[in-house]
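Colleague: Any chance you can model this:
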Amino acid sequence: MSQITRNQKRAINALLKYPTVEQAAGAIGVNSRTVFRWLDDPGFRLELSRVEGEALDRIGRRLLVMSEQALSAIQDILDDPKKPGNTNKRLAAALILDQTMKLRELRNIESRLSDLEKAVF
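Modeller: Sure thing, here's the model as predicted:
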């Protein structure tokens, strides 16, 4: 982990929580120009990238857990197609499974790209 300040750590957490740099800066009580300056610092960007990666990994794990639930919902629909609420269940299950497949594709591409980079460099 790179050497970043306590305020920079707070800024990283705020950047993951708020949609704009200005809102993130306001939330931690610093000027947005300060956060933009930090974003130009390679050490800060590296730490931000690491924390973002951890957040994406958590999201991916949750999505995989939800995929199991989505498959169970589809099974329930197949078992009792006329049951009330099946339309919403089907839509939610389809969305979850679609996003899971997209995540899988992206992870596959990321892995292959990493392998190519290692081979070239």
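Colleague: So what's the residue count around the closest residue in space to Leu39 that isn't next to it in sequence?
Modeller: Spatial nearest neighbour of Leu39, excluding adjacent residues (C-beta to C-beta, 6 or more residues apart in numbering): Arg45 at 6.5 Å. Every residue, glycine included, has its C-beta placed from N, CA and C. Look at Arg45: counted by other C-beta atoms under 10 Å, it has 14 neighbours.
Colleague: Look at Arg45 and give its secondary structure.
Modeller: helix (DSSP: H, G, I helix; E, B strand; the rest coil).
Colleague: Distance-wise, check it relative to Asn108.
Modeller: From Arg45 across to Asn108, the span is 26 Å (C-beta to C-beta, to the nearest Å).
Colleague: same check, this time on Thr87
Modeller: Remark: distance between Thr87 and Asn108 (C-beta to C-beta) = 32 Å.
Colleague: Let me know the helix or strand that the spatially most central residue of the chain is in.
Modeller: Taking C-alpha atoms, centre = their mean, the centroid of the chain lies closest to Leu56, which sits 3.0 Å from it. Taking DSSP states H and E as the criterion, Leu56 maps to helix 42-79.
Colleague: pLDDT below threshold where in the chain?
Modeller: Where the chain drops to pLDDT under 70, the residues are 1-2.
Colleague: Now do the domain split for it, please.
Modeller: Taking automatic domain parsing as the reference, the chain has its domains at 1-40, 58-121.
Colleague: Ok, which of the ones you listed comes nearest Arg50?
Modeller: Arg50 sits nearest to domain 1-40 of all the domains of the chain, at 7.4 Å, using C-beta to C-beta.
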